[in-house]
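*Asks:* Okay, here's the prediction I keep looking at, along with the sequence it came from:
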Amino acid sequence: MRIGRLPARKARILAVRYVGAGIVTLLFLFPVYWLFMISFKTPDEIYHVPPLWIPGQIQFSNYYVLFKDGDVLAILNSLIVAGVSSGVAIVLGTLCAYSLARFGTGGENLAMWIISQRMIPPIAVVFPIFLIYVYFGLVDGYFGLILLYTAFNLPYVIWMMRGYIVDVPLELEESALVDGLNRWEVIWKVVFPMVRPGLMATSVFTFVFAWNDFLFALVLTRTEVITFPVMLTHYFGGQSNFWAKIAAMSVLGTLPIFVAVSVMQRYLVRGISLGAVKG
């Protein structure tokens, strides 16, 4: 009797789990759906009571206004700043991580000191950085933001890549050196292919960190290099908010992240687990 009940009980538990997972998924997806729908609504439909779940007619005027006014350039600025800073941080950080992992540069505590720099609250250093940038004329320029984001992302890249490189068998590098490869060739032809999933995962997270930054971009930009998060704040006013523009700009601003995660999806899980602690 108990044997006969067991499959039915398991089926009920499985059904409850699926229903619960479906409800949680809907709760997380609803804000995305609502934002997407608002971007196609007219002002009357946005403020309609009760809310309209689907716009009466799909219209792209909200997106057209963003392109007409040049607001989408903020997304281009974010792409340039986040992309270049992430690339530079990945290259420099991986080389530093290799030095820490293979040669023990700086001793055992240097890696911990490096990652501790990432824990500094940005609000604690933004004002001194602003004064330095004003003195050297780096405010409202690509170079200033790229330099800053690279510096702030380097500790994270070094820490993550060090864990991945440590997991690469040292015998592979020694065999490559015996076969006549120099150290740079070993890094490029042996180490990089072995840590590629971790490299891709770290690149995605580094890009997201730079893309989502608001504080530094707000303080260090004026009109020329406004980034996507800063541009969004321009649509919030004291008397009213431009919800249509906010929604349309948010949709456009999430597309690069969506594309990056989709392209790198197969590397993310492998990369996150590659440097996991084994025990």
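*Replies:* Sure thing, it's come through. Numbers count the residues shown, from 1 in each chain.
*Asks:* Confirm that residue 48 sits in a helix.
*Replies:* No - per DSSP: H, G, I helix; E, B strand; the rest coil, residue 48 lies outside any helix segment and is coil.
*Asks:* Now do it: how many residues are near it, please.
*Replies:* For residue 48, the count of nearby residues is 13 (other CB atoms under 10 Å). For glycine as for every other residue, the C-beta is placed from the backbone atoms N, C-alpha and C.
*Asks:* again with residue 95
*Replies:* Neighbours of residue 95 under the rule other CB under 10 Å: 14.
*Asks:* can you check the one 3 residues further on too?
*Replies:* Residues lying near residue 98 (other CB under 10 Å) number 23.
*Asks:* Quick check: next helix or strand after the one helix or strand it maps to?
*Replies:* Element membership for residue 98 (DSSP states H and E) is helix 73-103. As assigned by DSSP H and E, the chain's next helix or strand after helix 73-103 is helix 110-117.
*Asks:* Following element in sequence after that next one, please.
*Replies:* Toward the C-terminus, helix 110-117 is succeeded by helix 122-136 as the next helix or strand (DSSP H and E).
*Asks:* Flag every buried residue along the helix holding residue 98.
*Replies:* Neighbour-count burial for helix 73-103, counted by 16 or more other CB atoms under 10 Å, picks out 73-75, 77-78, 81-86, 88-90, 93-94, 96-102.
*Asks:* Kindly report the same for stretch 229-245.
*Replies:* Neighbour counts using 16+ other CB under 10 Å place 229, 230, 231, 232, 235, 242, 243, 244, 245 of stretch 229-245 among the buried residues.
*Asks:* Just the residues you listed: which are in helices?
*Replies:* 229, 230, 231, 232, 243, 244, 245 (DSSP state H).
*Asks:* Just give the nearest non-adjacent residue to residue 37, would you?
*Replies:* Spatially, and ignoring its direct neighbours in sequence, residue 37 is nearest to residue 55 (6.2 Å; CB to CB, 6 or more residues apart in numbering).
*Asks:* correction: residue 43
*Replies:* Residue 43 sits nearest to residue 244 (CB to CB, 6+ apart), 6.5 Å away.
*Asks:* dump the residue contacts of that neighbour.
*Replies:* For residue 244, the contact set (CB atoms under 8 Å, 6 or more residues apart in numbering) comprises 38, 39, 41, 42, 43, 46, 62.
*Asks:* before we move on, what about residue 214?
*Replies:* Going by CB under 8 Å, 6+ apart, residue 214 touches 229, 230.
*Asks:* Find me the pLDDT at it, would you?
*Replies:* In this model, residue 214 is scored at 94, pLDDT.
*Asks:* Roughly how far does it sit from residue 86?
*Replies:* Residue 214 sits at a distance of 17 Å from residue 86 (criterion: CB to CB, to the nearest Å).
*Asks:* circling back: nearest to residue 257, of the buried residues of stretch 229-245?
*Replies:* Residue 257 has its nearest neighbour among the buried residues of stretch 229-245 in residue 229, at 12.1 Å by CB to CB.
*Asks:* Could you pull up phi and psi at the residue lying closest to that closest one once chain neighbours are set aside?
*Replies:* Of all residues not flanking residue 229 in the chain, residue 214 sits nearest, at 4.3 Å (CB to CB, 6+ apart). The phi/psi pair for residue 214 (degrees, to the nearest 10) reads phi -120, psi -40.
*Asks:* And for residue 180?
*Replies:* When read as degrees, to the nearest 10, the backbone of residue 180 gives phi 110, psi 0.
*Asks:* got a list of what it touches?
*Replies:* Counting by CB under 8 Å, 6+ apart, residue 180 has no contacts.
*Asks:* Model confidence score at residue 71, please.
*Replies:* Residue 71 carries a pLDDT score of 93 in this model.
*Asks:* Could you measure from the nearest residue to it once chain neighbours are set aside over to residue 193?
*Replies:* Counting by CB to CB, 6+ apart, residue 231 is the residue found nearest to residue 71 once chain neighbours are left out, at 6.0 Å. Residue 231 sits 39 Å away from residue 193, going by CB to CB.
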